[in-house]
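S.K.: I would like the atomic coordinates for the input below:
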Amino acid sequence: MPVEFLLKRFQEAGTAPAMIWKDRVFHYHELLERIRYWQNRLEEEVAPGTVTVLEGDFSPESVALMLALISRQCVIVPLTAAVESKKKEFAEISEAQVSFVLDARDHAKIQQLAGRGSHHLYQELRSRRHAGLVLFSSGTTGKSKAILHDMEHLLEKYKRRRHDFTTLAFLLFDHIAGVDTLFYCLSNKSCLVTLTDRSPDSVCRAVEKYRVEVLPVSATFLNLLLYSEAYRNYDLSSLKYIAYGSEVMLQSTLERCARLFPGVTILQKYGTTEVGTLRSKSKSSDSLWVKLGGEGFETRVVDGILQIKAHSAMMGYLNAPSPFTEDGWFITGDTVEQKGEYYRIHGRACDMINVGGEKVFPAEVEDFIQTLDNVADVVVYGEKNSIMGNIVCADISLVRQEEPKQALLRIKRACFNNLQPWKVPVKVRIVDGISLNERFKKMRKKICDSSPDSMMQGNLDG
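M.R.: Okay, here's the model as predicted:
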């Protein structure tokens with residue numbers, strides 16, 4: 001049974017806190033009791049190999065049910081409130097047969113669904129007698145891809161004991177980084193602090209109240225935290241690590257974060273929904289150069305694009321062609337620069353803007369604009385142009401109210417005086433706020449086709 005090693009550790013942990021949920025502490029022995037309850041119930045009601053939707057947030061019951069479904073060799077499709085509008089679509093794509101919906105009191109409702117669960121990858125999984133996990137890509141450029149993992153392979157790396165740190169659950173279990181954070185904590189008998197609200201104030205309040213040691217967040221959230229200045233109102237001295245990811249970090253934001261939290265180690269994390277999270281080591285807290293790899297992972301760069309070979313790689317997409325090379329390497333779609341053992345990730349190849357033959361990475365322009373006075377956040381993207389092929393555009397939100405024409409003139413002048421001509425935004429808009437998706441990533445307008453769902457996020461060790 002793939003979760004047996006976890007259950008043994010829960011027995012060892014006993015009365016140690018496993019989760020903080022709605023300001024209540026749940027201990028490992030309580031979690032173990034709920035797992036046993038669901039194991040017994042599933043044995044009577046759900047056949048091995050059943051494709052099951054698990055709908056809810058991180059909670060004691062959702063975690064217990066997830067582990068019981070794994071031990072029953074079911075395929076789990078975790079969904080959260082953040083994807084409410086896509087739940088029907090996701091259930092249809094995954095061919096889900098049963099759903100478990102957890103309400104605000106953490107009570108589960110079971111419902112039969114119309115799916116047949118007959119996909120050939122499911123059949124292969126059943127022949128192995130292994131549990132599965134279906135995660136969906138963000139789908140910002142089209143239909144979301146359904147990514148199927150073999151849970152036996154995904155859980156393998158957690159068998160090695162690592163560090164016991166109280167950790168905040170920022171991303172949820174419908175995201176590979178949320179899954180990674182969950183199993184890293186459980187495998188090390190750590191305490192997972194859950195949230196009902198992911199605003200900067202709520203995050204800082206939870207860090208102070210529960211003495212959180214590891215804060216895994218998106219790069220965009222760190223910028224929100226900095227310009228909101230919520231950190232000034234709370235005692236964050238318990239923090240030992242800030243792990244950031246999900247998108248490219250701006251150098252200016254990273255340097256400011258390093259100055260504000262000098263006693264905290266700031267780590268860049270990297271992984272993809274398709275292959276899982278890699279172990280990583282930043283060159284320093286204020287450096288964007290990072291080592292990637294670890295047990296079960298190999299990396300290489302081909303034509304400037306990062307490729308990964310992983311033991312934990314997905315079995316495949318349920319609704320799209322395979323993205324692997326013939327020799328088993330996953331093409332991430334991320335453009336990188338390499339110096340010895342270190343990589344610097346510049347962003348998605350599909351986000352790169354080709355202006356009259358000159359390549360522009362959005363983060364380059366964002367990094368400069370972010371340093372200008374009264375800029376809260378910025379997102380840079382390309383737009384088709386009949387003369388140049390593409391032009392650079394920027395949406396900017398302000399910290400405080402300012403006459404829009406004056407702000408635009410000031411920002412455009414600064415860009416013209418400091419950036420190379422092809423990097424200067426041709427169109428600039430002042431907006432009320434930068435659009436974020438449910439995973440606290442910037443919603444960037446695309447000028448190319450969709451590509452693999454890369455992300456830079458994960459737990460402390462990956």
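
S.K.: where in the chain is pLDDT low?
M.R.: 139-142, 436-462 (pLDDT under 70).

S.K.: ranges for the helices of it?
M.R.: 4-13, 28-45, 60-71, 87-93, 120-128, 151-155, 176-187, 200-210, 219-228, 251-260, 362-370, 404-418 (DSSP state H).

S.K.: orientation of the second one relative to helix 176-187 in degrees?
M.R.: In terms of direction (axes from the mean of the first three to the mean of the last three C-alpha atoms, to 10 degrees), helix 28-45 departs from helix 176-187 by 110 degrees.

S.K.: how about the last one?
M.R.: Interaxial angle, helix 404-418 versus helix 176-187 (the same axes, to 10 degrees): 80 degrees.

S.K.: among the helices of the chain, which comes closest to Lys109?
M.R.: Nearest to Lys109, of all those, is helix 60-71, at 11.4 Å by C-beta to C-beta. Heads up, the C-betas are built off the backbone N, CA and C, glycines and all.

S.K.: that older thread, in a markdown table: the helices of the chain, plus mean neighbour count.
M.R.: Shown next, in a markdown table, are the helices of the chain (neighbours: other C-beta atoms under 10 Å):
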| stretch | mean neighbour count |
| --- | --- |
| helix 4-13 | 16 |
| helix 28-45 | 16 |
| helix 60-71 | 24 |
| helix 87-93 | 17 |
| helix 120-128 | 15 |
| helix 151-155 | 21 |
| helix 176-187 | 25 |
| helix 200-210 | 18 |
| helix 219-228 | 21 |
| helix 251-260 | 18 |
| helix 362-370 | 22 |
| helix 404-418 | 14 |
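
S.K.: for Ser435, which of those helices is the nearest?
M.R.: Using C-beta to C-beta, the nearest of these to Ser435 is helix 219-228, at 10.6 Å.

S.K.: name the helices or strands packed onto that closest one?
M.R.: helix 200-210, strand 241-245, helix 251-260, strand 375-385 (3 or more C-beta pairs under 8 Å, 6 or more residues apart in numbering; DSSP states H and E).

S.K.: hmm, 10 Å instead?
M.R.: Under the contact definition 3 or more C-beta pairs under 10 Å, 6 or more residues apart in numbering; DSSP states H and E, helix 219-228 sits against helix 200-210, strand 214-218, strand 241-245, helix 251-260, helix 362-370, strand 375-385.

S.K.: need these in a markdown table with distance to Arg129, can you?
M.R.: Shown next, in a markdown table, are the helices and strands packed on helix 219-228 (distance: least, C-beta to C-beta, whole Å):
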| stretch | distance to Arg129 |
| --- | --- |
| helix 200-210 | 39 |
| strand 214-218 | 33 |
| strand 241-245 | 33 |
| helix 251-260 | 45 |
| helix 362-370 | 45 |
| strand 375-385 | 46 |
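
S.K.: out of the ones you listed, which gets nearest to Leu225?
M.R.: Closest to Leu225 of the helices and strands packed on helix 219-228 is helix 200-210 (C-beta to C-beta; 4.6 Å).

S.K.: fine by me, thanks again.
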